[in-house]
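Chemist: any chance you can model this:
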Amino acid sequence: MIAPPLAAILSLENAIQLVPTAVLGLLYARRAHTLAGGPHRVPGWRQTCFYAGLLTILTALLSPIGELSDELLYVHMVEHLLMGDIAALLIVLGLTGPLLAPILRIGFFDRLRALAHPLVAFPLWAIDLYVWHLPFFYQAALRHLAVHALEHTMFIAFGINMWMCLFGPLPMPRWFHNLGRLIYITAVRLTGAMLGNIFLWSGTVFYPFYIHGDASFHISPLADQSIAGAIMMVEESILTLCLFCWLFLRTARESEERQGLLDFAQARGLELTEARAARAVAAGRGAELQRRLEGHAGASDRP
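Modeler: Okay, here's the model as predicted:
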C-alpha cells in the first residue's frame, strides 16, 4: 500500500498535469459542437485524432509507464516519446482553421503564430529536447514535482509547434512546399536520432538518479541507458519512414491534381499558368480553382 504522504504527492502530480489536459478536451469538444451545424464542421477523423492524442497523454501519465518512469530511464523515454511525439502529432491532426479562429482573434495568441514558422519551430523544438536531457535539468525534473510538470508541458507544447509546420492549419511560407517539407522532416528526425545515438553508444551514465531503480530491476545503468537510446532510434526510424511515405503520396497527388487543372483549362481555352495551378494545389485550393475555371468556361459558352 502507498503511504499517505506519497499518495498525496502522486495525486498532486496527476492533478497538475491532467487538469489542463481535461480542460483542453472540454474546450475542443465545445468548439467542435459549435461548428457541427455549419459548413466548417470538424471532420470525425480529426476529432478522433485529437481525443486519441489526449488519451495518449493520459496513458503515458496514468498507466504503469508513468509509475515506472521514475525507476527506469528507458520507460521514461517511452513516456516522453508518447507525449512529445505521438500525442503532439495526433493533437495537431485534430486541428482546423475554423476551430482555432476564436483563439487567433486574441492578440497575444495571434502573435504566437510566428513560432510556427519552420525556421523557428525546428530550433525551438531541438533546443527544448536537448536542454531537458542535460543531466542537471533532467534529474531536477525527476526530483521536483513542478519542474517535472513543466518538462512534460514543454515537450508537448514544442512538439505540437513542430508538427504544426507539417500538418497544422496555419499558413506556411511559400517556399515551404514539398522540398521544404522534406528538408524539415530530415532535420527534425536526424536531430532526434542523434540524441538516441548518444544514449545508445555512450559509455557514461548520464543520470545517477536511476541507479537504485536499475538495481531493483536487476539491470545495469548503462544497459538501461542503451535501451532508452535504442527505443528512441526505433521510434525515430518508424516515424521517418511514415513521414517519407506521406510526403511521397502527397507529392504524387498534387502532381496529378495540378496536371488535371492544366488539362481542364487547356481543353476549354482558358488561361492557367503552371505556377498558379501549383500554388492552388499546394495551398489545398485545387478544388476551388477548379470551380472558378468551370464558372469561367460556363460564362464563355453563353451567348
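Chemist: how about residue 116, phi and psi?
Modeler: phi -90, psi 0 (degrees, to the nearest 10).
Chemist: the nearest residue to it once chain neighbours are set aside and residue 289: what is the separation?
Modeler: Nearest non-adjacent residue to residue 116, counting by Cβ to Cβ, 6 or more residues apart in numbering: residue 164, 4.6 Å away. No exception for glycine: its C-beta is placed from N, CA and C like everyone else's. In this view, residue 164 and residue 289 are 25 Å apart by Cβ to Cβ, to the nearest Å.
Chemist: one more: residue 186?
Modeler: Applying Cβ to Cβ to residue 186 and residue 289 gives a distance of 31 Å.
Chemist: more crowded one of the two?
Modeler: More crowded of residue 186 and residue 289, by other Cβ atoms under 10 Å: residue 289, with 21 against 13.
Chemist: correct me if wrong: the more buried one contacts residue 282.
Modeler: No - look at residue 289 against residue 282 with Cβ atoms under 8 Å: they stay out of range, at 11.4 Å.
Chemist: skip the chain neighbours and tell me the closest residue to residue 89.
Modeler: residue 163 (5.0 Å).
Chemist: tally of neighbours for the one you found?
Modeler: Neighbours around residue 163, by other Cβ under 10 Å: 22.
Chemist: can you list the buried residues in the helix or strand it falls within?
Modeler: In the assignment (DSSP states H and E), residue 163 maps to helix 145-167. Neighbour-count burial for helix 145-167 flags 147-152, 154-166 (criterion: 16 or more other Cβ atoms under 10 Å).
Chemist: just checking, what packs against that helix?
Modeler: helix 4-35, helix 88-93, helix 118-132, helix 135-143, helix 178-201 (3 or more Cβ pairs under 8 Å, 6 or more residues apart in numbering; DSSP states H and E).
Chemist: could the ones you listed go into TSV alongside mean pLDDT?
Modeler: Output for the helices and strands packed on helix 145-167, formatted as TSV (pLDDT from 0 to 100):
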stretch	mean pLDDT
helix 4-35	75
helix 88-93	97
helix 118-132	97
helix 135-143	95
helix 178-201	95
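Chemist: buried deepest among the ones you listed, which one?
Modeler: helix 88-93 (a mean of 23; mean count of other Cβ atoms under 10 Å).
Chemist: and the contacts of it?
Modeler: Residues from elsewhere that reach helix 88-93 (Cβ atoms under 8 Å, 6 or more residues apart in numbering): 46, 49-50, 52-54, 56, 155-156, 159-160, 162-164, 166-168.
Chemist: gap between the residue sitting nearest the centre point of the chain and residue 159?
Modeler: The centroid of the chain falls nearest to residue 89 when counting by Cα atoms, centre = their mean (3.0 Å). Counting by Cβ to Cβ, the separation of residue 89 from residue 159 is 8 Å.
Chemist: do the same with residue 227
Modeler: Taking Cβ to Cβ, one finds residue 227 at 22 Å from residue 159.
Chemist: do residue 36 as well
Modeler: 28 Å.
Chemist: would you map the strands across the stretch 151-300 of the chain?
Modeler: For the stretch 151-300 of the chain, strands defined by DSSP state E, counting those that start in this stretch do not occur.
Chemist: what stretches of this protein score poorly on pLDDT?
Modeler: Where the chain drops to pLDDT under 70, the residues are 1-15, 283, 296-303.
Chemist: again, 80 this time
Modeler: 1-18, 264, 268-270, 272, 275-290, 293-303 (pLDDT under 80).
Chemist: tell me what angle the lengthiest helix in it forms with helix 178-201.
Modeler: Assignment by DSSP state H gives helix 221-267 as the longest helix of the chain. Angle, helix 221-267 to helix 178-201, by axes from the mean of the first three to the mean of the last three Cα atoms, to 10 degrees: 170 degrees.
Chemist: tilt between helix 221-267 and helix 145-167?
Modeler: Going by the same axes, to 10 degrees, helix 221-267 makes 30 degrees with helix 145-167.
Chemist: just how off-centre is helix 221-267 within its chain?
Modeler: Here the centre of helix 221-267 is set off from its chain's centre by 14 Å, with Cα atoms, centre = their mean, to the nearest Å.
Chemist: all good on my end, thank you.
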